[in-house]
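[1] Below: sequence and its predicted model.
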Amino acid sequence: MTLAIRDPETMSRDELIDYCYSLEARLSVDNEMQSAQVVANFKNAFDLSVKEAEVLATLASGKTCSKEYLHTVLYSTRGDDAPELKIIDVFICKIRNKVARYGVKIQTSWGIGYFVSNPESLQIVAAGGSLPLTDEAKEQWSRPRGTVPTVSRGQVVREALAWLSRRETAGVVHFTTRELSTGISTRSAGANIVRALVHRGYVKLLSAPKARDLTPWRIALTERGREVIANG
């Protein structure tokens, strides 16, 4: 949209009104394009989905945003067809896992919402820049294949639940235990991890393959499991 530069002193009242409306329309288009570019920058920099990038772009201001506000940002046009509010917790968990390797920290303000403790880092990415990996992430990525760090049982549980949530489709997760063990880089057998999650009430077992059967496991995350994911 291109507007010729004119002197308001030479315009009639109707021309001035039309010119002001044209300026507002141009600003609206420019803002939408800028917002779309910021979302694209976050998506590419952190390997996010579009919805995840929109959440992160909203948090980039450094302000604390409630789940209700983030839900409105994502689904204001969906009306009654919008997903439940708990979808925001799932998004936050997924985003945390992806941005943590770059030192970006999403914090929970209990009873209020979520905020980024170092928003200045996100402003760099929003402007088209990039962030370096943390030393911990560099060490993990450079670790020889087949070696894994020593991790606590609680960390294995959190990583397993986060990994399962990323593979969830229509409330069900299909996977093999080998995929699970490889996905979270642990020496623990995938089957043992699943049994522990079921025992603690974090997941519900829908079906399990028989011995030496290569068909996938089928589980569903419980509310208790989603709370662990949401709390990071």
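    Yes, it's here.
[2] okay, now the nearest residue to Ile112 once chain neighbours are set aside: neighbour count?
    Spatial nearest neighbour of Ile112, chain neighbours left out: Thr64 (5.5 Å); criterion: Cβ to Cβ, 6 or more residues apart in numbering. Where C-beta positions appear, they are placed from N, C-alpha and C, glycine not excepted. By other Cβ atoms under 10 Å, 15 other residues sit near Thr64.
[3] What's opposite Gly113 in the beta bridge?
    Ser109 (DSSP bridges).
[4] Give me the buried positions along stretch 178-198.
    For stretch 178-198, the neighbour count (16 or more other Cβ atoms under 10 Å) marks 180-181, 183-184, 186, 188, 190-191, 193-194, 196-197 as buried.
[5] same check, this time on stretch 82-89
    87-89.
[6] Then stretch 89-103?
    Of the residues in stretch 89-103, those buried (16+ other Cβ under 10 Å) are 89-102.
[7] what would those residues look like in TSV with distance to Arg158?
    As requested, the buried residues of stretch 89-103 are exported to TSV (distance: Cβ to Cβ, whole Å):
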residue	distance to Arg158
Asp89	14
Val90	14
Phe91	17
Ile92	14
Cys93	9
Lys94	13
Ile95	15
Arg96	10
Asn97	10
Lys98	15
Val99	16
Ala100	12
Arg101	15
Tyr102	19
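[8] Distance of the residue nearest to Ile112 relative to Glu9?
    Using Cβ to Cβ, to the nearest Å, one gets 46 Å for the distance from Thr64 to Glu9.
[9] okay, who's weakest in the buried residues of stretch 178-198 by pLDDT?
    Lowest pLDDT within the buried residues of stretch 178-198 is found at Thr186 (64).
[10] Take the buried residues of stretch 89-103 and keep only those in helices.
    Cross-referencing those against helices under DSSP state H gives 89-99.
[11] just to revisit the earlier point, in JSON lines: the buried residues of stretch 89-103, plus distance to Ser207 and pLDDT.
    Shown next, in JSON lines, are the buried residues of stretch 89-103 (distance: Cβ to Cβ, whole Å; pLDDT from 0 to 100):
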{"residue": "Asp89", "distance to Ser207": "26", "pLDDT": "91"}
{"residue": "Val90", "distance to Ser207": "23", "pLDDT": "91"}
{"residue": "Phe91", "distance to Ser207": "28", "pLDDT": "92"}
{"residue": "Ile92", "distance to Ser207": "29", "pLDDT": "93"}
{"residue": "Cys93", "distance to Ser207": "25", "pLDDT": "90"}
{"residue": "Lys94", "distance to Ser207": "25", "pLDDT": "89"}
{"residue": "Ile95", "distance to Ser207": "30", "pLDDT": "92"}
{"residue": "Arg96", "distance to Ser207": "30", "pLDDT": "90"}
{"residue": "Asn97", "distance to Ser207": "27", "pLDDT": "87"}
{"residue": "Lys98", "distance to Ser207": "30", "pLDDT": "88"}
{"residue": "Val99", "distance to Ser207": "34", "pLDDT": "91"}
{"residue": "Ala100", "distance to Ser207": "33", "pLDDT": "89"}
{"residue": "Arg101", "distance to Ser207": "34", "pLDDT": "86"}
{"residue": "Tyr102", "distance to Ser207": "38", "pLDDT": "90"}
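[12] which residue ranges form the helices in the protein?
    Using DSSP H, helices in the chain cover 13-46, 50-59, 67-75, 87-99, 119-126, 135-142, 153-166, 177-183, 190-199, 223-230.
[13] any idea which of these scores lowest on pLDDT?
    Across those, helix 135-142 gives the lowest mean pLDDT, at a mean of 61.
[14] on that earlier part again, for Pro216, find the nearest of the helices of the chain.
    The closest of the helices of the chain to Pro216 is helix 177-183. By Cβ to Cβ, the value is 8.5 Å.
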